[in-house]
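**Student:** Got a predicted structure plus its sequence, pasted below:
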Amino acid sequence: MDADRLRRAPAGLARRWRQQRRDHATRRLHTSLRFDAAAAPLLLSPHWDDAVFDCWALLSDPGELRIVNLFAGIPQAGRLTRWDRVTGAAESALRARERIAEDVEALARAGRTAVNLPLLDAEYREPGPPPSLEAIDRALRTAVSATARVYAPAALGQNEDHRLARWYARALAHRGIPVSLYADLPYCVTHGWPHWVDGSEPDRYRDVDAFWRTLLVDVPELGDLRAGRVRRLDDEQAAAKLAAMRAYRTQFPSLDGGRTELLGNPETHRFEVVWELRTVGRGDQLRTIERGQRP
């Protein structure tokens, strides 16, 4: 189906065609990233703050960890995008450099550093198309060659970069590389945490699982939603995470919802959820990574 026919197609048919196209690209990717059980895990962070916001427990765990900020390129000088306006920026290239410095400071609180790839954030590449899976893979090749496991966002929202990162991670799972998806703030708490995450009483009028499932329909490798591993940070860990989150001075006030204190609430940021994907090896071989198994 060409682009013109896709625009004129009924919504349901268009969605199915897009899904088939994505699935084909997922199976087709020939990645340069290799699985090596002795190599460090790889944390893919779409932007400069996602690793800290979503994976503080992983950052704080002992052991080696490679962190790569995928869409971390500097935009052309003289532009000012919508989100940067919201956060009070005067110019986007300057704001990008400020965010890089913030990320260095925040990650240092966990004793970590990150590699920034030159791919542009979705707002910075408009009106251009998103990068292909092959383009993401080529950019990543400069930072890492092998890994024991990949962590990527579950994309529990409509952010294009988070969805691209998840799509790329799914393609890696289809090449036999163990992949875990993490719940990504602030999108995942649009309706709060589900009761099986935060231990609250179930509410018959609030089903967060239903919301999450609508955003995970194109991730068949996920399996049981409630099989995700929940990490609950203690008070000391939660305080350390909040201090690191606040290091993103240009972003935190707007992401936190202003006076509503969304991310600043310990009962929001102390919980982190990770799912392990079923991993499809080369050819038609299917092997399942058992829940809780470490590579």
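**Tutor:** Structure's in. What do you need?

**Student:** How about the contacts made by residue 255?
**Tutor:** Contacts for residue 255 (C-beta atoms under 8 Å, 6 or more residues apart in numbering) come out as 49, 186, 248, 262-263. Where you see a C-beta, it was placed from the backbone N, CA and C, and this is true even at glycine.

**Student:** Looking at those residues, spot the one nearest residue 235.
**Tutor:** Checking the contacts of residue 255 against residue 235 by C-beta to C-beta gives residue 263 as the nearest, at 16.7 Å.

**Student:** measure stretch 40-60 end to end?
**Tutor:** 15 Å (C-alpha to C-alpha, to the nearest Å).

**Student:** How far off centre is that stretch?
**Tutor:** Put simply, stretch 40-60 sits 8 Å off its chain's centre (C-alpha atoms, centre = their mean, to the nearest Å).

**Student:** host element of the closest residue to residue 48 other than its chain neighbours?
**Tutor:** Spatial nearest neighbour of residue 48, excluding adjacent residues (C-beta to C-beta, 6 or more residues apart in numbering): residue 103 at 3.9 Å. Using DSSP states H and E, residue 103 sits within helix 92-108.

**Student:** what's in contact with the next helix or strand after that helix?
**Tutor:** Next along the chain after helix 92-108, taking DSSP H and E as the criterion, comes strand 115-116. Contacts to strand 115-116, defined as C-beta under 8 Å, 6+ apart, come from residues 48, 66-69, 72-73, 100, 143-144.

**Student:** Run through the helices of the stretch 101-250 of the chain in chain order.
**Tutor:** 122-125, 133-141, 160-173, 195-198, 208-215, 235-246 (DSSP state H, counting those that start in this stretch).

**Student:** how near is the residue nearest to residue 56 when sequence neighbours are not counted to residue 194?
**Tutor:** Sequence neighbours aside, residue 241 is the residue nearest to residue 56 in space, at 4.1 Å (criterion: C-beta to C-beta, 6+ apart). From residue 241 over to residue 194 the distance is 20 Å, taken as C-beta to C-beta, to the nearest Å.

**Student:** need the contact list for residue 67.
**Tutor:** For residue 67, the contact set (C-beta under 8 Å, 6+ apart) comprises 43, 45, 51, 59, 107, 112-115.

**Student:** quick one: which of those residues is nearest to residue 159?
**Tutor:** Nearest to residue 159 among the contacts of residue 67 is residue 45, at 12.5 Å by C-beta to C-beta.
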